[in-house]
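> Below are the sequence and a predicted model; questions follow.
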Amino acid sequence: MSARVYIETFGCQMNITDTERAATGLRRAGYELIQQPAGADVILFNTCSVRERAEQKVYNRIGELRKISGNNMPVIGVMGCVAQLEGPAIFDNSTAVNFVAGTQATDRLPALIERARGGEEAVVDIGDRETGEVWDVSPVERHSPYVAFVPIIEGCNKFCSFCIVPYSRGREKSRSATEIIAEVQSLQKLGYKEVHLIGQNVNSYRPKSPDGLEGHAGATPFSRLLRAVAATGIERLKFTTSFPRDFHPDIVSAIEEYPNLCDWIHLPVQSGSDRILQAMRRGHDSTDYLKRVEGIKNSRRMLSLTSDVIVGFPGETKQDFAATLNLIDQCEYDGLYIFKYSKRTGTPAARLADEISVAEKSERFLELEQRQQAVQQKVYSDYVGRKVSVLVERGSTRSSEDMTGHSTCHKVVNFKGGPQLEGQIVEVLITEAKHYSLYGRAC
């Protein structure tokens, strides 16, 4: 009987794709993938290290499983960003862990598992990717039968002072355009309706060779890639995340040229204060950022704009925070992901004096959240009476009479309908604006 493996994933879309790749390789190696930890011979935790809380969550889950399993503990592995950063130190934090696999050891998981199951203690692999690895994902392992994530670049060269990603994911490595286009074409044949091109910084895309981009106009390799992938005819194409410094106006031009390039841009600002942006080593100031936002807002298409903000960065004064509030008012984001600053050991910001209290960080978080909710309610209300195109993904969890999906502007839309609509793209007339979603009726 083959060993049964359960994978639990924490973190971003890149972690989701790593899990999909891991599951593909494990099933190919003869393992059985199961959906619950009960009955698993092997449990894999695919981890995120962006914030301290996310890291601690993994150890809490391992502790929970120890209590539940008693003397029948499965082999436990930690993979992903926490594994890459902490390596053998993980065994000191949890004696239940049997093996550790870094962010570039995904294809070597079957061998690591067998070493651990064979009785070898404290197995560690945080080495580099092997030459010639293929970003192979089976349709069976995709998180959705309709939406697929396609990584185009891995790692980060930006070294923002607060961010651990360059240390956990390594330097930027771009996949070849030919490989990306072939994967999208394959997904299209399999019936996928929407593809997300993903990476820590997608617009930093710089392949070693122009193969696959020839004949496609564009000011940057990324804007040429957008046009090349859009030319495959895939019904909907989204991308995330964009780095402000590398956001070229030609990206907006590409969206305007191709109807299947969706009208949504995620452009993290992190702060509205130039002083804090400099301390964060973001490589842009508020004026530069607002100039890029102006180009997005002035597009011939109505583009949805979302962003990330960190509150309570070391040294952030009330004036700095007021500058962030002011920028939020100017940008009128469709959505905002707000985070309290979390110290990550090994980053330059970790050496700064963090004199802002937990209470003050919470107050700023709530104030910014309330300001964004007011802005967002206005943005969402403007959709009432308009039609949006929705990819129907599943039934609503709140009502058996409703279906739910995402619009091209990446908003959650609920509407009355049955399961026969799942997987279809439906025009929905918006009749009501909620706090974080839209409601309407199919046209």
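Yes, it's here.

> how far does stretch 93-101 stretch from start to finish?
Start-to-end span of stretch 93-101 (C-alpha to C-alpha, to the nearest Å) is 16 Å.

> Can you give the distance from it to the centre of its chain?
26 Å (C-alpha atoms, centre = their mean, to the nearest Å).

> Show me the contact partners of it.
Residues outside stretch 93-101 that contact it (C-beta atoms under 8 Å, 6 or more residues apart in numbering): 59, 62-63, 65-66, 73, 75-80, 83, 86-88, 90-91, 108-109, 112-113, 115-116, 121-126. From N, CA and C alone the C-beta is placed, and that goes for glycine too.

> Just the ones in strands from these, please.
Applying DSSP state E to the contacts of stretch 93-101, the entries found in strands are 75, 76, 77, 78, 79, 80, 123, 124, 125.

> Just the closest of those residues to residue 354, please.
residue 80 (25.9 Å; C-beta to C-beta).

> how about the nearest residue to the closest one once chain neighbours are set aside, what does it touch?
Closest residue to residue 80 apart from its sequence neighbours, by C-beta to C-beta, 6 or more residues apart in numbering: residue 47 at 4.0 Å. Shown in contact with residue 47 (C-beta under 8 Å, 6+ apart): 10, 11, 15, 54, 55, 58, 78, 79, 80, 81, 82, 83.

> Identify the residues contacting residue 315.
Contacts of residue 315 by C-beta under 8 Å, 6+ apart are 275, 276, 279, 352, 353, 355.

> Which of those are buried? Put it as a ChimeraX command.
Filtering the contacts of residue 315 down to the buried ones (16 or more other C-beta atoms under 10 Å) takes a single ChimeraX command:
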select :276,279,352
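
> from the contacts of residue 315, which is closest to residue 303?
For the contacts of residue 315, the nearest to residue 303 is residue 276 (26.4 Å; C-beta to C-beta).

> if I pick that closest one, what's in contact with it?
313, 315, 316, 320.

> For it, what are phi and psi?
Residue 276 has phi and psi values of phi -70, psi -40 when expressed as degrees, to the nearest 10.

> Distance check, it against residue 225.
32 Å (C-beta to C-beta, to the nearest Å).

> biggest helix in this protein by residues?
In the chain, taking DSSP state H as the definition, the longest helix is helix 358-381.

> outside of that helix, which residues touch it?
In contact with helix 358-381 (C-beta under 8 Å, 6+ apart) are residues 309, 311-312, 316, 321, 324-325, 328-329, 332-336, 338, 340-341, 411, 433-436, 438.

> can you do 7 Å?
For helix 358-381, the surrounding residues in contact (C-beta atoms under 7 Å, 6 or more residues apart in numbering) are 309, 311-312, 321, 324-325, 328-329, 332-336, 338, 340-341, 433, 435, 438.

> Following element in sequence after the helix or strand harbouring residue 405, please.
Using DSSP states H and E, residue 405 sits in strand 402-407. With elements assigned by DSSP H and E, the helix or strand that comes after strand 402-407 is strand 412-416.

> all helices for the chain, in order.
With DSSP H as the criterion, the chain has helices spanning 13-28, 52-69, 81-86, 89-93, 109-117, 165-169, 177-189, 221-230, 249-257, 274-280, 286-297, 318-331, 358-381.

> Any chance of TSV for these, columns mean pLDDT and distance to residue 144?
What follows is those, written out as TSV (pLDDT from 0 to 100; distance: least, C-beta to C-beta, whole Å):
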stretch	mean pLDDT	distance to residue 144
helix 13-28	94	10
helix 52-69	81	23
helix 81-86	93	23
helix 89-93	91	31
helix 109-117	95	23
helix 165-169	92	23
helix 177-189	97	11
helix 221-230	98	18
helix 249-257	97	23
helix 274-280	98	34
helix 286-297	98	27
helix 318-331	98	30
helix 358-381	97	24
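
> nearest to residue 429, of those?
That would be helix 358-381 among these, by C-beta to C-beta, at 14.7 Å.

> picking that back up, filter the contacts of stretch 93-101 down to the buried ones.
Buried among those by 16+ other C-beta under 10 Å: 59, 62, 65, 75-80, 83, 86, 90-91, 108-109, 112-113, 115-116, 123-126.

> wait, doesn't residue 316 sit right on residue 356?
Yes: using C-beta atoms under 7 Å, residue 316 is in contact with residue 356, at 6.3 Å.

> Can you get me a residue count around residue 370?
10 (other C-beta atoms under 10 Å).

> picking up where we left off before, mind pulling up the pLDDT for the residue nearest to residue 80?
We have a pLDDT of 91 for residue 47.

> What distance do you get for it to residue 170?
16 Å.

> now swap in residue 207 and tell me
Taking C-beta to C-beta, one finds residue 207 at 17 Å from residue 170.

> So between these two, which is more surrounded?
Ranked by neighbour count (other C-beta under 10 Å), residue 207 and residue 170 place residue 207 first, with 22 against 18.

> The more buried one - nearest residue in space that isn't next to it in sequence?
Closest to residue 207 by C-beta to C-beta, 6+ apart is residue 174, at 4.5 Å.

> so who does that neighbour touch?
152, 153, 205, 206, 207.

> Check these for burial and list the buried ones.
By 16+ other C-beta under 10 Å, the contacts of residue 174 give 152, 153, 205, 207 as buried.
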